[in-house]
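Chemist: Structure of the sequence below:
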Amino acid sequence: MPAALVTAALLTARAYSPVIAPLLTVLPRDATLPPPEALQAVLVASGNAVDHLPAAYRRLRLLAVGDATARRARDAGHAEVASAAADAARLAALAGGTLDPAGKPLLLAVGEGQGAGLEAALIAQGFRVLRRAVYTTVAATALPAAARAALAAPGRQGAEGQALRAGLFFSAATARVFRALVTAEGLTARLGAVVALAISAGTAAELRSLPWREVREASHPNQEALLALLP
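Modeler: Numbers count the residues shown, from 1 in each chain. Presented below is the predicted three-dimensional model:
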């Protein structure tokens, strides 16, 4: 939710009236982590992984998938942080260009069920990788009331009586949950006047089966590029 509040503030500053509708709850997950001294570096593909790393790992070099995740790591106290400024493929390339495949293993801190592709890309470069799930996500079982109200009202009115213009999706998982819930609740027909904004190609793919007015894909997988798509 804190990240959503930051986005909401940016939207408000641009004269939009944001409706916050969380679809995934992030929960900590018990993980057996290797001792920091046994590691060369930590790789994270999401800010959620940063939030669930113990303080002892802050002294290690951390490679982040993007700039927002890198900022989150610095804010959490990680001193040596590098950003791939893109996606998992670029993160693997950043590791290959800055770390030693013959050195100590890498800790790949991920969400439960995530990171297999990145792990494989790192192993293909000769790295020893310890993939550990430090958090898990629980999908909402119903649309949040704010989202349902914004979609269900005549004219699809959003906050403060303004017409709902766009839906912002920051992950494929969130888009997938939204698609399932809006379909189950019979609200897909209400999307015809709304533009879907997707942070990545994978996110856009999860949305295209719904009858949006348009699906727009960010030029880069970051918040700045996503907000640039606003109608």
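Chemist: how about the strand ranked longest in the chain as CSV, C-alpha atoms only?
Modeler: If you go by DSSP state E, the chain has its longest strand at strand 129-139. The C-alpha trace of strand 129-139 is given here as CSV (Å, rounded to 0.1, in the frame of the first residue of the first chain):
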residue,chain,number,x,y,z
VAL,A,129,22.4,-19.0,-7.3
LEU,A,130,20.5,-19.5,-4.1
ARG,A,131,16.9,-18.6,-4.8
ARG,A,132,14.8,-18.0,-1.7
ALA,A,133,11.2,-16.9,-1.4
VAL,A,134,11.1,-14.2,1.3
TYR,A,135,7.5,-13.1,0.8
THR,A,136,4.3,-14.4,-0.7
THR,A,137,1.2,-12.7,-2.2
VAL,A,138,-2.4,-13.5,-1.5
ALA,A,139,-4.9,-12.5,-4.2
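Chemist: Strictly from the record, what residue spans define the domains of the chain?
Modeler: 2-23+140-227, 26-138 (automatic domain parsing).
Chemist: Least reliable of those by average pLDDT, please.
Modeler: Among these, domain 2-23+140-227 carries the lowest mean pLDDT, at a mean of 90.
Chemist: Give me the distance between the two termini of that one.
Modeler: Taking C-alpha to C-alpha, to the nearest Å as the measure, domain 2-23+140-227 stretches 17 Å from start to finish.
Chemist: when you give positions from now on, start the count at 24
Modeler: Yep, numbering from 24; the last one is domain 25-46+163-250 now.
Chemist: For that domain, what is the distance to the chain centroid?
Modeler: Offset of domain 25-46+163-250 from its chain centre (C-alpha atoms, centre = their mean, to the nearest Å): 14 Å.
Chemist: Also stretch 136-154?
Modeler: Per C-alpha atoms, centre = their mean, the centroid offset for stretch 136-154 relative to its chain is 19 Å.
Chemist: Just the buried positions in stretch 162-177, please.
Modeler: 163, 166, 170-174 (16 or more other C-beta atoms under 10 Å). Bear in mind the C-beta positions are built from the backbone N, C-alpha and C, glycine included.
Chemist: Name the residues that touch it?
Modeler: Under the criterion C-beta atoms under 8 Å, 6 or more residues apart in numbering, residues 42-48, 179-182, 187, 196, 200-201, 204-205, 208, 210, 213-214 lie in contact with stretch 162-177.
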